[in-house]
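any chance you can model this:
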Amino acid sequence: MQKISAIIQDRKEREKLYLVEGKRNIAQNNISTLLQLSLTSLILVVILLAAAKILMPTWSPAPVHIAYIPVALAYGVVAFLLRKGKANPRLISAICFSYNVVAAIFIILIDIYAHAESPACFMPIVIVALASGLYFPSKVSNIYLAAFGIVFIFADMMHKVDYEYAWRYDVFIAIVGTLVALAVGEHFRTTQVTSFETKMKYKSLSMRDPLLENIFNKRGYEDAIERYLFARNPRVNCAFIVLDLNNFKHINDNYGHDMGDNILRCMSSTLLSLFRDSDIIGRFGGDEFIVLADGLDDEDALEKKCRYISELIGRRAQETGAIKVFSSIGAVICKNQKVEFETLFELADKAMYEAKEMGRDADRFVLRHYTDASDAETAEA
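Predicted coordinates:
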């Protein structure tokens, strides 16, 4: 029992993480699936109505059959419009879940009320399709599927009371369909979570520096910073640091690339030791590093930290057997304001070059406050 409990708990934790980190991936997949489901079901309904009319000339479609066509078309149009946009994941989830509810209502009306004298035929197929189509949290999905099955059974028994064989058959296939849907839904969600975990694992590897394993490469830190700013704009509080070693080419040329690599590892380990796991650290050039420190918006604290970074890197580099190395650091502080990454990087990079121009024979530091183009125009006015 303990092993089973551990497996269930692990499954819950993995899904919980997926729902947080993969919410935009879930929303994108759901809206694409909704487009496919609505249009595919629309085409199938039209084909089935046409086939029924040909095979059974005396048969006439009920109003509920016809009513589904504009409803499916409307969902298809909404899904198409949201497919390439940046709609809120919660809005997309609500629209997708409403489609599942509407589909269940139509199936109940068609299988029970439009064909009261005959056994149901669509319910088990549709409930399994809905379980494996759109992604919802386990609790939400299981409650929905169970409720669909229970409502269908009670409505069927009440309306088809005069057709004993029909309602008994319907109850049986509804129970089978619901149980299968619950199992299929669990498998579907597990597959989605596993697929996302694998994707994130390889994405993480592709975004790490090949020499410095725990440091982002250019692609990695750009992606991480963009997500950071997206989540916090327009009230960003952080410090952005660009750090560069002085005369690093001279070290490689005179002491060899192995020595240069050792110094880069010193820089990497120093930055990792001085900043938190929630901060973003990356390497964008041979000896150029960036750091985004969340919440660090005090000028004195930032300057002390940057000067200590330079001192510690120089000391650790000497311990590797290299000559004394000096660094130039440019930093930008953002205080409760909207921030664009391109502007942030440009300001910090200019500050770093200003530090270099002061002289490369010592550690240099230049601090700037974040100002975008609109802020500058306002200040001039």
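
tell me the secondary structure for Val161?
Look at Val161: counting by DSSP: H, G, I helix; E, B strand; the rest coil, its state is coil.

got the contact list for it?
Trp167 (CB atoms under 8 Å, 6 or more residues apart in numbering). Every residue, glycine included, has its C-beta placed from N, CA and C.

from Asp349, how far out is it?
Val161 is 78 Å from Asp349, where distance means CB to CB, to the nearest Å.

what does the most far-flung residue of the chain relative to its centre show for phi and psi?
The C-alpha centroid of the chain is most remote from Thr58, which lies 52.4 Å away (CA atoms, centre = their mean). Main-chain dihedrals, Thr58, degrees, to the nearest 10: phi -80, psi -10.

now Ser278
Taking degrees, to the nearest 10 as the convention, Ser278 sits at phi -80, psi -10.

and the biggest helix by length in the chain, what does it pack against?
Selection of the longest helix in the chain by residue count, based on DSSP state H, yields helix 164-206. If contacts are counted by 3 or more CB pairs under 8 Å, 6 or more residues apart in numbering; DSSP states H and E, helix 164-206 sits against helix 2-21, helix 23-55, helix 123-131, helix 138-159, helix 218-232.

report the buried residues of stretch 342-350.
344-345, 347-349 (16 or more other CB atoms under 10 Å).

who's in contact with Phe240?
Neighbouring residues of Phe240 by CB under 8 Å, 6+ apart: 290-293, 331-332, 334, 344-345, 347-348, 370.

pLDDT on the one helix or strand it maps to, on average?
Assigned by DSSP states H and E, Phe240 belongs to strand 236-245. The pLDDT scores in strand 236-245 average 93.

in its sheet, what does that strand sit against?
Strand 236-245 has the following strand partners under DSSP bridges: strand 288-294 (antiparallel), strand 327-337 (antiparallel).

okay, and for this structure, where does confidence drop off?
Where the chain drops to pLDDT under 70, the residues are 1, 85, 199-213, 320-323, 373-381.

ok so, going back, closest to Glu303 among the contacts of Phe240?
For those, the residue nearest Glu303 by CB to CB is Ala331; the value is 7.9 Å.

can you report how many residues neighbour Ser60?
9 (other CB atoms under 10 Å).

mind checking the SS state of it?
Ser60 - assigned by three-state DSSP - is coil.

how near is it to Ile66?
Note on Ser60: its distance to Ile66, by CB to CB, is 10 Å.

do Lys84 as well
For Lys84, the distance to Ile66 - CB to CB - is 31 Å.

got it, and His257?
From His257 to Ile66 the distance is 75 Å (CB to CB).

and for Met259?
From Met259 to Ile66 the distance is 79 Å (CB to CB).

and the longest helix of the chain with helix 138-159, angle?
Angle of helix 164-206 versus helix 138-159, following axes from the mean of the first three to the mean of the last three CA atoms, to 10 degrees, is 170 degrees.

from here on, call the first residue 50.
All set: I'll call the first residue 50, so the last point we hit is now helix 213-255.

tell me how far helix 213-255 is from the chain's mean position?
In this view, helix 213-255 has its centroid 21 Å away from the chain centroid, taken as CA atoms, centre = their mean, to the nearest Å.

hmm, back to that, nearest to Ser317, of the strands paired with strand 285-294?
strand 337-343 (7.8 Å).

and after the closest one, which helix or strand comes next?
helix 348-368.

same question for that next one: list its buried residues.
For helix 348-368, by 16+ other CB under 10 Å, it's 351, 354-355, 358-359, 361-363, 365-366.

for stretch 201-217, same thing?
201-202, 204-205, 208-209, 212, 215-216.

equivalent analysis for stretch 63-75, please.
63-64, 67-68, 71, 74-75.

just the CA coordinates of that stretch, formatted as PDB?
Taking C-alpha atoms only, stretch 63-75 is exported to PDB below (Å, rounded to 0.1, in the frame of the first residue of the first chain):
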ATOM      1  CA  ARG A  63       4.400  15.800 -11.400                       C
ATOM      2  CA  GLU A  64       1.000  16.900 -12.600                       C
ATOM      3  CA  LYS A  65       1.000  19.900 -10.200                       C
ATOM      4  CA  LEU A  66       4.400  21.000 -11.600                       C
ATOM      5  CA  TYR A  67       3.100  20.500 -15.200                       C
ATOM      6  CA  LEU A  68       0.100  22.700 -14.500                       C
ATOM      7  CA  VAL A  69       2.300  25.500 -13.300                       C
ATOM      8  CA  GLU A  70       5.300  25.300 -15.700                       C
ATOM      9  CA  GLY A  71       3.300  24.100 -18.700                       C
ATOM     10  CA  LYS A  72       0.200  26.200 -18.500                       C
ATOM     11  CA  ARG A  73       0.900  28.000 -21.700                       C
ATOM     12  CA  ASN A  74       1.800  24.700 -23.400                       C
ATOM     13  CA  ILE A  75      -1.500  23.200 -22.100                       C
END
